[in-house]
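>>> Just need the structure, nothing else, for what follows:
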Amino acid sequence: MAILRNFKSLFVVDDKADASKQATAAPEGKEAHITSPSSSTRFRGSVKSNGDGKVDDKFLEVLFGALDAKNKEGFDYMEFKEFLRSLANVPMEDKTRYQSAFATAQTMGATKENIINSAKEYISILGEEQVKFQQALEGQKEKNLTAKHEEILAQEQDIRKKEEEIERLKNEITAHRKQIGALEVEINEASERLGETAANFEATYQALLGQIQQDVSNIESHL
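Coordinates of the predicted model:
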């Protein structure tokens, strides 16, 4: 965490502490005038990045760690940034602040080209970290978004198949019910026909039986 604290002191400043220091630095007998260094000098703790994101310490630690790992020996942009940071609470224009910091840097052998080139190298390092982050992000998207989305599609497809199966079964049930209804009609009709047939047989039987019984009676009576 030491790296994070050291680099954070160059790029991130607490608003309240900064305002307090600048107010204290105002000349005696004059109203305290608080000046705020521009965003070109440092990031402020309350500054948000593009979109709805915000500066996050865990990402600062990663980025500062990458910068520190590539920090070369000797005077470069980071040392110049330290000079600028030391002047952050001094009421002056940006131009004067940069000129003052550069004047000090020159006493240590720094040149404008050296500072700019090293700053561009740090920009390149940050770009490499951005690429790494995007690659890692894509991996997380594949794991947490794409895979789950594909699972949703598979589940929806399974639901559609089951809905189709349910619809097929419902159609079969309807067809079976129609068949049952037709069979019940046939049963009723057959039952009626059987009842009629039975009744006709019984009438025929009784008629024939009656005649034979009458003949037997007459024979016994008349012969």
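>>> Show the end-to-end separation of stretch 137-154, please.
24 Å (CA to CA, to the nearest Å).
>>> Check the offset of that stretch from the chain's centre.
Relative to its chain's centre, stretch 137-154 lies at 9 Å (CA atoms, centre = their mean, to the nearest Å).
>>> list the buried ones in it?
Residues of stretch 137-154 include none that count as buried (16 or more other CB atoms under 10 Å). Yep, even glycine has a C-beta here, placed from its N, CA and C like the rest.
>>> repeat for stretch 82-97
Buried, per 16+ other CB under 10 Å, within stretch 82-97: Phe83, Leu84, Arg85, Leu87, Ala88, Asn89, Arg97.
>>> Mark out where each domain of the chain begins and ends.
Domains of the chain are assigned by automatic domain parsing as 2-110, 126-211.
>>> Now do the helices in this structure.
Using DSSP state H, the helices of the chain run over 2-11, 15-24, 57-69, 77-86, 94-106, 112-141, 147-222.
>>> which one of those helices has the most crowded surroundings?
Greatest average neighbour count among these goes to helix 77-86 (a mean of 19), per mean count of other CB atoms under 10 Å.
>>> quick revisit: so can I have CSV of the buried residues of stretch 82-97 showing distance to Ser217 and pLDDT?
Shown next, in CSV, are the buried residues of stretch 82-97 (distance: CB to CB, whole Å; pLDDT from 0 to 100):
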residue, distance to Ser217, pLDDT
Phe83, 149, 89
Leu84, 145, 90
Arg85, 143, 89
Leu87, 149, 90
Ala88, 144, 84
Asn89, 146, 87
Arg97, 148, 91
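>>> And the furthest pair within those residues?
By the measure CB to CB, Phe83 and Asn89 form the most distant pair in these, at 13.2 Å.
>>> any common contacting residues for those two?
Common contacts of Phe83 and Asn89 (CB atoms under 8 Å, 6 or more residues apart in numbering): none found.
>>> Asn218: which of the domains of the chain is closest?
domain 126-211 (10.4 Å).
>>> if we can go back for a sec, looking at the helices of the chain, which one has the lowest mean pLDDT?
Confidence, taken as mean pLDDT, is least for helix 15-24 of those (a mean of 42).
>>> circling back: will you turn the buried residues of stretch 82-97 into JSON lines that also has distance to Leu208?
Listed next are the buried residues of stretch 82-97 as JSON lines, based on distance: CB to CB, whole Å:
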{"residue": "Phe83", "distance to Leu208": "137"}
{"residue": "Leu84", "distance to Leu208": "133"}
{"residue": "Arg85", "distance to Leu208": "132"}
{"residue": "Leu87", "distance to Leu208": "137"}
{"residue": "Ala88", "distance to Leu208": "132"}
{"residue": "Asn89", "distance to Leu208": "135"}
{"residue": "Arg97", "distance to Leu208": "137"}
